[in-house]
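Next come a sequence and a model predicted from it.
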Amino acid sequence: MKHHNKLLKKGFALLITLVVISVVLAIGLSLLFVTTKQYLLAITANESEEAFQAAQIGLECMRYHRAQALTRAKLLHDDTAGWPPPLVCAGISSEVVNSSPILGGAATDVWMYKYQYQYTINSSCVETSMFIADYRASESDAPYNITGQGEGLDEIECKAGTICTVIFSRGYNRTCDELDSIFTIQREITVEY
């Protein structure tokens, strides 16, 4: 009987030890899972911020060039020499993706230009699109529909006698030749003035 009680006590101690080890292991694995998820969220948040900052750089660059007299004359097609104008952003020369008048004529006195540029700045791709509506010679206000131009805005509203600008700036956490990666994060900023 004594021998049987000793075995029972040893078996019970082994069972308690296994239960305690299982609980400690479960808690350890749970903490590892939570830590791993927090780490991945931190990386994603960091890369999302990187993409947002790239978009901000693109926006500020386009606003800067739009405000410069020499570049503005080229963007408005008042000066056709060297059109479309090459732009430099953060010391990096742009690659002109597309630049074209998409509406215009003496009959309407309204001109619409679309410019698309691409940069790789600090290992982040920046893509900018700028629409400029030139209503300086127009006598009527009219919205211009830009649906289907690949941007998130349906139309540009511009008053007669003015120039209106819409800038779309997309920033990525990858270089421009790596945008097909499944880990690419895109942030976009749109400004209309």
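Nice, thanks for sending it over. Worth saying up front: this structure is predicted, and the values here are computed from it rather than measured.

Beyond the lowest-mean-pLDDT helix or strand in the chain, next helix or strand please.
Lowest on mean pLDDT, DSSP states H and E among the helices and strands of the chain sits strand 142-145, with a mean of 67. Downstream of strand 142-145, the next assigned helix or strand under DSSP states H and E is strand 155-158.

Next SSE downstream of that following strand?
Next along the chain from strand 155-158, counting by DSSP H and E, comes strand 163-172.

Output that next one as CSV, nothing but the C-alphas.
Output of strand 163-172 as CSV, limited to C-alpha atoms (Å, rounded to 0.1, in the frame of the first residue of the first chain):
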residue,chain,number,x,y,z
ILE,A,163,-6.5,79.3,-63.4
CYS,A,164,-7.4,76.3,-61.3
THR,A,165,-5.1,73.5,-60.3
VAL,A,166,-5.6,70.0,-58.9
ILE,A,167,-2.6,68.0,-57.7
PHE,A,168,-2.7,64.3,-56.9
SER,A,169,0.4,63.0,-55.2
ARG,A,170,0.9,59.3,-54.4
GLY,A,171,3.8,58.1,-52.3
TYR,A,172,4.9,54.5,-51.9
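
Mind giving me the packing neighbours of that strand?
helix 2-67, strand 124-134, strand 155-158, strand 186-192 (3 or more CB pairs under 8 Å, 6 or more residues apart in numbering; DSSP states H and E). C-beta coordinates here come from the backbone N, C-alpha and C atoms, glycine included.

Direction included, what does it pair up with?
As defined by DSSP bridges, the strand partners of strand 163-172 come to strand 124-134 (antiparallel), strand 186-192 (antiparallel).

could those go into a markdown table alongside distance to residue 99?
Below are the strands paired with strand 163-172 laid out as a markdown table (distance: least, CB to CB, whole Å):
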| stretch | distance to residue 99 |
| --- | --- |
| strand 124-134 | 9 |
| strand 186-192 | 19 |
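
before we move on, back to that, any idea which of the helices and strands packed on strand 163-172 is most buried?
Across these, averaging neighbours per residue (mean count of other CB atoms under 10 Å) puts strand 124-134 on top, at a mean of 24.

Just want the angle from that strand to helix 2-67.
40 degrees (axes from the mean of the first three to the mean of the last three CA atoms, to 10 degrees).

can you list the weak-confidence ranges in the chain?
Scanning the chain for pLDDT under 70 picks out the ranges 1-9, 101-108, 142-153.

so what's residue 172 closest to, chain neighbours aside?
With CB to CB, 6 or more residues apart in numbering as the criterion, residue 172 has its nearest non-adjacent residue at 4.2 Å, and that residue is residue 125.
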